[in-house]
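Enquirer: A predicted structure for the sequence below; I have some questions about it.
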Amino acid sequence: MDSLTAQFLMACEQFVGVRRPLVEDLASALDVPPQELFYLWMERRGGTGNQTK
């Protein structure tokens, strides 16, 4: 394995180690617990998802 490939793989490993799931970031931005994010979205959407327009 060449040096560039090794550096790339190390960078990928570091990135994966520090990334956070999108749900956590969205919940934090909206100041709600992550497990409540879906319900908040549905509330703001104004329905259960079974409506047709």
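Expert: Yep, it's here. Since the structure is predicted, the reported quantities are computational estimates derived from the model, not experimental observations.
Enquirer: please enumerate the helices of this protein.
Expert: 3-18, 22-30, 37-45 (DSSP state H).
Enquirer: what's in contact with stretch 13-30?
Expert: The contact list for stretch 13-30 (Cβ atoms under 8 Å, 6 or more residues apart in numbering) reads 33-34, 36-37, 40. Placement of C-beta: from N, CA and C, glycine included.
Enquirer: just want the most central residue of the chain.
Expert: Nearest to the geometric centre of the chain sits residue 22, at 1.1 Å (Cα atoms, centre = their mean).
Enquirer: could I get the helices of the chain as TSV with mean pLDDT?
Expert: Output for these, formatted as TSV (pLDDT from 0 to 100):
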stretch	mean pLDDT
helix 3-18	88
helix 22-30	88
helix 37-45	88
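Enquirer: roughly how far does residue 33 sit from residue 1?
Expert: Using Cβ to Cβ, to the nearest Å, residue 33 is found at 43 Å from residue 1.
Enquirer: look at these two and report which has more neighbours.
Expert: Neighbour count, other Cβ atoms under 10 Å: between residue 33 and residue 1, residue 33 has more, with 12 against 7.
Enquirer: nearest residue to that one other than its sequence neighbours?
Expert: Spatial nearest neighbour of residue 33, chain neighbours left out: residue 27 (6.4 Å); criterion: Cβ to Cβ, 6 or more residues apart in numbering.
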